[in-house]
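Peer 1: Fold the following for me, if possible:
(chains A and B, ligands or ions: 2)
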Amino acid sequence: MKIKGKKRTIIRAVIGLSSFFLIWEMIVRLGIIPRNRMSPFTEVIATFIRKITDPTPDGATIIEHFLTSFSVAFSGFVVAALIGVPLGMMMGYNRYAKAYANTIFEILRPIPPIAWIPIIMLLLGIGTSAKIFIIFVAAVVPAVINSYTGIKRVPEVYINVGKSLGMSHFKIFTKICIPHALPAVFTGLRLSLNTAWVALVAAELLASTKGLGYMIQIGRVLAKPEIIITGMIVIGCSGAVMSGLLGLFEKRFAKWSRK
Amino acid sequence: MSEKAKVSAVGLTKKFDDLLVLDNISFDIAKGEFVCIVGPTGCGKTTFLNILSKIWPATSGELLIDGEKADPKKHNIAFAFQESSAFPWLTVEQNIRFGMEQKNLPKEIINERTEQMLELLELKEARNYFPRQISASMESRVVIGRSFALHPDLLLMDEPYAQLDIEFRYHLEDAVLKLSKMTGSTVIFVTHNIEEAVYLAERCIVLTNKPTTVKTIEKIDLPYPRDICSKEFTDIRDRITDYIKWW
Ligand SMILES: Nc1ncnc2c1ncn2[C@@H]1O[C@H](COP(=O)(O)OP(=O)(O)OP(=O)(O)O)[C@@H](O)[C@H]1O
Ligand SMILES: [Mg+2]
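Peer 2: Residues are numbered from 1 along each chain as shown, chains lettered A, B, ... in the order given. Ligands and ions are numbered 1, 2, ... in the order given. Alright, predicted model coming up:
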């Protein structure tokens, strides 16, 4: 029964996807949208396969673009997680930490990551460190917020269990608050990762010499829609894969909250 | 009262801002004694236990254990809370081990007592389940196991059986009596259920409405296991019921 239901879902997904690709192919092949504005699906696939080894016309293979983008996004994400998660947790547990950090955080938080780009470019130029910084700024926000609320939501009775056992504040924090907050922290990290990836592409569109965002930009300049769409698909798929990998971590460390 | 008092409350008073909840409460409890506290809803029973366990500071007054100021870091206190307090991220077994691990008991003792609790509370089959996978009744038992496994000097229980089905309740009342004798723990047991109090307690402290003072302390001098149908039993039960009904 269960397998049957799963099979049916897969079949439906396949039918849905293939009709989407078919319609796409038809629209371009029949000239409803001109070829210089949109490429047919099959050509995008061909471009993707070609670009695995071929650096033309944008100067790098798709693998190089991906690795450039990935290493920048991942560095920014890791820095954001390493700073954001402890910061958020401290703000959730200690009202002094909250008093010091919260006001600044509340002011910085509503500024969209993209709005940071000009000032960061002035300060750090358009190099890798500038991009990592942009990604950090974008990704740190969900990491802080979710870690903060994760700690805040620890029911008082759990903390009281710790107190009645004579546990120190530090032990209560590490043995009770952190385990309880982990699912929320992972939700935050997942959002951080998404935001990091989005911010990366935004940063690369503006200023870069390599990376998936750069590849898309060149595709526009050269009026090669198949390059643009290939880039978009790689961005979409790698985002999904990273999310999935993080999901595996989550399953390992916060399985108790899973249905 | 006696010099050997295990636990003495001396003039305990608690105010929440202007709301006087506990008004100058004093009493002594002997070592190994089983005391029940009954009182009207909202009279401050939970507040009282929270002060005994030092979760909240008292507005004035002192709690002494063995003649010293109570300190959860030094004294072995366990608290079975009114709300469900089994940690959702730990399995049944890990929950029972938790308190003992925090007290740094030797591994062999932790293993031995964990098995004993799982057995006694009929949780063996559920040992690897998480709290969300078990019934409320089982979850209460996990918390009771976590508390008793500590062999605490002072065990505070705040209506621990409110979640339990009636049959298991009887079973656990006997188990608690047995455990308290076995571990020599001094138990303060809060309940709404007067019959339960008379079944369990050597002494029963009856509290008044807010501002709360001790209305009376009933000594219940019946042998265990008690016969809930006997005349002596129902007499005491009715007398305590009258004390509470009076308000
Ligand atoms: N943190 C708090 N701040 C202010 N008032 C409180 C607080 N906790 C309890 N109270 C008040 O103190 C009184 C006693 O509450 P408490 O929970 O101790 O009663 P209780 O006897 O345990 O009640 P129940 O029978 O419902 O368990 C109540 O009137 C409650 O409103
Ligand atoms: Mg209460």
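Peer 1: what's the spacing between the residue nearest to residue A:48 when sequence neighbours are not counted and residue B:23?
Peer 2: Nearest non-adjacent residue to residue A:48, counting by Cβ to Cβ, 6 or more residues apart in numbering or on different chains: residue A:230, 4.8 Å away. Quick note: C-beta positions are derived from backbone N, CA and C, even for glycine. According to Cβ to Cβ, to the nearest Å, residue A:230 and residue B:23 sit 78 Å apart.
Peer 1: between the two, which one's more packed in?
Peer 2: Between residue A:230 and residue B:23, residue A:230 has the larger neighbour count (other Cβ atoms under 10 Å in any protein chain shown), namely 27 against 17.
Peer 1: tell me the contacts of the closest residue to ligand 2 within chain B?
Peer 2: As assessed by Cβ to the ion, ligand 2 sits closest to residue B:46 within chain B, at 3.1 Å. Going by Cβ atoms under 8 Å, 6 or more residues apart in numbering or on different chains, residue B:46 touches B:82, B:158, B:190.
Peer 1: just checking, the first one touches residue B:158?
Peer 2: Read that as residue B:82. Yes: between residue B:82 and residue B:158 there is a contact at 4.1 Å, judged by Cβ atoms under 8 Å.
Peer 1: residues shared between the contacts of those two?
Peer 2: In contact with both residue B:82 and residue B:158: B:46, B:190, using Cβ under 8 Å, 6+ apart.
Peer 1: In terms of neighbours, single out the busier of those two.
Peer 2: Taking neighbours as other Cβ under 10 Å, residue B:82 and residue B:158 compare with residue B:158 leading, 22 against 17.
Peer 1: Against residue A:251, how distant is the more buried one?
Peer 2: From residue B:158 to residue A:251 the distance is 36 Å (Cβ to Cβ).
Peer 1: Equivalent analysis for residue B:208, please.
Peer 2: In this view, residue B:208 and residue A:251 are 53 Å apart by Cβ to Cβ.
Peer 1: quick one: which of the two has more around it?
Peer 2: Neighbour totals were compared for residue B:208 and residue A:251, and residue B:208 leads with 19 against 11 (other Cβ under 10 Å).
Peer 1: Report the spatially closest residue to the more buried one, excluding sequence-adjacent ones.
Peer 2: residue B:215 (4.7 Å).
Peer 1: Could you tell me the phi and psi values at residue B:44?
Peer 2: Dihedral pair for residue B:44: phi 120, psi 20, per degrees, to the nearest 10.
Peer 1: Looks like residue A:76 contacts residue A:143 (just checking).
Peer 2: No: with contact defined as Cβ under 8 Å, residue A:76 does not reach residue A:143; the gap is 11.3 Å.
Peer 1: List the buried residues in stretch B:33-44.
Peer 2: For stretch B:33-44, a neighbour-count test (16 or more other Cβ atoms under 10 Å in any protein chain shown) marks B:33-40, B:43-44 as buried.
Peer 1: pLDDT weak spots in chain B?
Peer 2: Residues of chain B that meet the criterion pLDDT under 70 lie in B:1-4, B:246-247.
Peer 1: let's go with 80 and repeat that
Peer 2: Within chain B, the segments meeting pLDDT under 80 span B:1-4, B:161-168, B:245-247.
Peer 1: Would you state the strands of it in chain order?
Peer 2: B:7-16, B:19-29, B:34-38, B:60-65, B:68-69, B:77-80, B:154-158, B:186-190, B:203-207, B:214-219 (DSSP state E).
Peer 1: okay, those strands in JSON lines with distance to ligand 2 next?
Peer 2: Converted to JSON lines, these look like this (distance: least, Cβ to the ion, whole Å):
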{"stretch": "strand B:7-16", "distance to ligand 2": "13"}
{"stretch": "strand B:19-29", "distance to ligand 2": "11"}
{"stretch": "strand B:34-38", "distance to ligand 2": "10"}
{"stretch": "strand B:60-65", "distance to ligand 2": "18"}
{"stretch": "strand B:68-69", "distance to ligand 2": "25"}
{"stretch": "strand B:77-80", "distance to ligand 2": "12"}
{"stretch": "strand B:154-158", "distance to ligand 2": "6"}
{"stretch": "strand B:186-190", "distance to ligand 2": "7"}
{"stretch": "strand B:203-207", "distance to ligand 2": "11"}
{"stretch": "strand B:214-219", "distance to ligand 2": "17"}
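Peer 1: what about the residue nearest the centre of chain A, distance to residue A:187?
Peer 2: The centroid of chain A falls nearest to residue A:194 when counting by Cα atoms, centre = their mean (1.9 Å). Note on residue A:194: its distance to residue A:187, by Cβ to Cβ, is 11 Å.
Peer 1: repeat for residue A:245
Peer 2: Residue A:245 sits 15 Å away from residue A:187, going by Cβ to Cβ.
Peer 1: Kindly report the same for residue B:219.
Peer 2: Per Cβ to Cβ, residue B:219 is found 56 Å from residue A:187.
Peer 1: Ramachandran angles for the residue nearest to residue A:48?
Peer 2: Dihedral angles (degrees, to the nearest 10) for residue A:230: phi -60, psi -50.
Peer 1: What residue in chain A comes nearest to ligand 1?
Peer 2: Taking Cβ to the nearest ligand atom as the measure, chain A has residue A:156 as its residue closest to ligand 1, at 9.3 Å.
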